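Visitor: Give the three-dimensional model of this entry:
(one chain, ligands or ions: 1)
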Amino acid sequence: MTLTLLGTGRYVPKTIVPNAEFEKTLDTTDEWIVQRTGIRERRICKGETLLDMALGSAKAALANAGMPRIDAIIAASATQDYHFPPLACRLGTALGLNGPFCMDVGATCSGFVYALDVAAHYIHAGSAETVLVVSAEMLSALTDYTDRATCILFGDAAAAAVVAKGDKPYSSVLNCAADPEESLFCKSGGTVVMNGSGVYKFAVGVASKSIGGVLEKAGLCMDDIDWFILHQANIRIINGIVSRCGIDPAKVPISLDQYANPSSATIPLTLDLMREDGRLRPGQRILLSGFGAGLTYGASVFEV
Ligand code: UT7
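Guide: Next comes the predicted model:
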């Protein structure tokens, strides 16, 4: 399969919440949070909606891509504020588009990797030429701010990519592991419930497995990859994956220090930050690795 990345964009809420803010209401410290997670601050919506963020990131990605005609919109979100219509349809309307097929993909923190894969397959099948893929997440709406073990982890953000038919190779592996213990869930009307250490162990194991799996499928080795863009859940999870796979840490960008974990948006957010600051350059080969509730996991490799 092939895929070309035409552009990326992001929207992050204006309100910055540093770790010190939690010291006022919870038995926690900035030092604990930084040591155990690597997170220093996060963005939280104050007045912005999920659609505002999705729209902001989509407009930025479309502008960066040179405003191509869009055949499909695929949105990933684990934090939907509407049961229906799908976020992708509402986004299409907000963008003034009338015609592209629109759908949502629910794969929690792996959502962007899954949504991009859906886009790649539609493009490969000839059903679409250019696809807008958006991840928008408002974790703050589902977070229990009296639970110190979860509320420090999450943030709000949206990020998007425009992808099209091209001649650059694309490979992926997607999986879902059985989760009889319900390690990470949020029921309708409820807040996030998590077995932190269970998720931690799961994440390091499956991400390492899918990174190895996608490299094998693509016929590549670690040295062939310029950037490993990993889901930004916790710096210790990232370090665990890096050491288990033998990845050069210099090839692993970090955004969780500033933006914490906005679920499926972490990967495209990191991608967009890298494009903007010039780290991402044409010809580079990147590997995306996502993992999250479900328990979903997946990885993909393509060239910029
Ligand atoms: O996208 C996937 C989303 N989920 C995740 O990324 C979660 C992955 N897991 C983690 O990131 C880590 O497991 C946590 C950061 C959630 C927890 O770190 P940990 O090193 O595994 O700590 P722990 O759960 O073993 O807890 C150690 C202690 C406990 O106290 P006791 O029982 O030993 O007295 C916790 O109550 O740390 C306590 N604790 C805190 N202390 C200060 C938990 N949260 C906090 C906190 N501040 N915010």
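Visitor: mind checking the SS state of R10?
Guide: Following DSSP: H, G, I helix; E, B strand; the rest coil, the label given to R10 is strand.
Visitor: OK, contacts around it?
Guide: Residues counted as contacts of R10 (Cβ atoms under 8 Å, 6 or more residues apart in numbering) are 56-57, 60, 157-160, 265, 268-269, 272-273. Glycine gets a C-beta too; all of them are placed from N, C-alpha and C.
Visitor: what do you get for K251?
Guide: Applying Cβ under 8 Å, 6+ apart, one finds that K251 lies in contact with 225-228.
Visitor: Identify the residue nearest G294 in space, chain neighbours excluded?
Guide: C176 (5.1 Å; Cβ to Cβ, 6 or more residues apart in numbering).
Visitor: residue ranges with poor pLDDT in the stretch 151-300 of the chain?
Guide: Low-confidence segments of the stretch 151-300 of the chain, defined by pLDDT under 70, are absent; every residue clears the threshold.
Visitor: one step back: I'd guessed the residue nearest to G294 sits against F291; true?
Guide: No - contact status for C176 versus F291: not in contact, 10.4 Å apart, counting by Cβ atoms under 8 Å.
Visitor: List, one by one, the residues from this structure near the ligand.
Guide: On the criterion Cβ under 6 Å from any ligand atom, the ligand has as its neighbours in the chain the residues 28, 32-33, 36-37, 109, 148-149, 152-153, 194, 196-197, 199-200, 233-234, 261, 292.
Visitor: rerun at 8 Å
Guide: Within the chain, the positions lying close to the ligand (Cβ under 8 Å from any ligand atom) are 22, 26-29, 32-33, 36-37, 108-109, 148-154, 184, 194, 196-197, 199-200, 203, 231, 233-234, 236-237, 261, 263, 291-293.
Visitor: just the strands in the stretch 201-304 of the chain please.
Guide: In the stretch 201-304 of the chain, the strands defined using DSSP state E, counting those that start in this stretch lie at 227-230, 285-292, 296-303.
Visitor: no wait, the stretch 1-150 of the chain
Guide: Using DSSP E, counting those that start in this stretch, the strands of the stretch 1-150 of the chain run over 2-11, 15-18, 41-44, 72-76, 101-105, 130-138.
Visitor: Now tabulate these in TSV and tack on mean pLDDT and distance to D167.
Guide: Conversion of the strands of the stretch 1-150 of the chain to TSV gives the following (pLDDT from 0 to 100; distance: least, Cβ to Cβ, whole Å):
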stretch	mean pLDDT	distance to D167
strand 2-11	97	5
strand 15-18	98	41
strand 41-44	98	37
strand 72-76	98	20
strand 101-105	98	24
strand 130-138	98	15
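Visitor: Just say which of those is most tucked in.
Guide: Mean neighbour count (mean count of other Cβ atoms under 10 Å) peaks for strand 130-138 among the strands of the stretch 1-150 of the chain, with a mean of 30.
Visitor: who are the neighbours of it, in terms of helices and strands?
Guide: Using 3 or more Cβ pairs under 8 Å, 6 or more residues apart in numbering; DSSP states H and E as the contact test, the elements touching strand 130-138 are helix 50-64, strand 72-76, helix 87-94, helix 111-125, strand 156-176, helix 266-277.
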